[in-house]
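1. A predicted structure for the sequence below; I have some questions about it.
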Amino acid sequence: MIKNTRKMNKGYTLIEILFYISIFAIFSIVVINSMITMTRSFKETAIQAELKQGEDILKKIAQEIRSAYRIDEISASALEIETLDEDGDERDVDFLLFGTDVRFLERDIFIGNLNSPNLEVTGLSFTEVETINSAAIKISVSVKSKRDTQNRVVNFYDTVILRGSYWYSE
């Protein structure tokens, strides 16, 4: 009778364990690197969305200027215009740079800031342009995100004609 002299191995050898640990380490590095990349991309997307709010500020100011029929007061960082509401009643609208916020006032009542708390308005400028038949205002808005480590500043520009100045007679 021939006896089977092979031993039965139960478990892993040292080489197998090292192989599995190295595979796990490589997989972990790939996953962690992907998460870091996704976090950076998300942060950059959030910063770009905040910087785009400068365009929304410009659009809100331009919308009010278009319906205005008269400029009451204009300075480098403040604008007061006369418009008509839905009922045809006169209303004063003010825009002014207060610190790093663009304030919106209607009938001398503070309505709110046009920018979010994470957005700094670094510059706001109004320049009056007059012609024989109408008036216009050049607007410049500069913004930066408080979360941006690169401190990028984005500028937005527009020139808006007071459409109400065409039909309103004093």
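-> Thanks, I have it. Numbers count the residues shown, from 1 in each chain.

2. where do the helices sit along this protein?
-> 14-66, 164-167 (DSSP state H).

3. G88: which of those helices is closest?
-> helix 164-167 (11.6 Å; CB to CB). Quick note: C-beta positions are derived from backbone N, CA and C, even for glycine.

4. quick check: mean pLDDT across the closest one?
-> Mean pLDDT, helix 164-167: 55.

5. looking at the helices of the chain, which has the lowest confidence?
-> Note on the helices of the chain: helix 164-167 shows the lowest mean pLDDT, a mean of 55.

6. about what we covered before: ok, which of the helices of the chain comes nearest I109?
-> Nearest to I109, of all these, is helix 14-66, at 14.7 Å by CB to CB.

7. So what's the residue count around the residue nearest to G54 when sequence neighbours are not counted?
-> The shortest distance from G54 to any non-neighbouring residue, by CB to CB, 6 or more residues apart in numbering, is to V143 (3.7 Å). V143 is flanked by 26 other residues according to other CB atoms under 10 Å.

8. returning to what we had before: is it possible to get CSV of the helices of the chain that adds distance to V121 and mean neighbour count?
-> Putting the helices of the chain into CSV (distance: least, CB to CB, whole Å; neighbours: other CB atoms under 10 Å) gives the following:
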stretch, distance to V121, mean neighbour count
helix 14-66, 7, 13
helix 164-167, 26, 14
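
9. wait, which of those is closest to E106?
-> helix 14-66 (9.1 Å).

10. So which other helices or strands are in contact with that closest one?
-> strand 78-84, strand 90-98, strand 101-106, strand 119-130, strand 135-145, strand 154-161 (3 or more CB pairs under 8 Å, 6 or more residues apart in numbering; DSSP states H and E).

11. out of these, nearest to D72?
-> Distance to D72, taken as CB to CB, is lowest for strand 78-84 among those, at 4.2 Å.

12. Tell me how many other residues crowd E120.
-> Neighbours of E120 (other CB under 10 Å): 18.

13. S77 now?
-> Residues near S77, counting by other CB under 10 Å: 14.

14. Now for it: which residues touch it?
-> 96-97, 124-126 (CB atoms under 8 Å, 6 or more residues apart in numbering).
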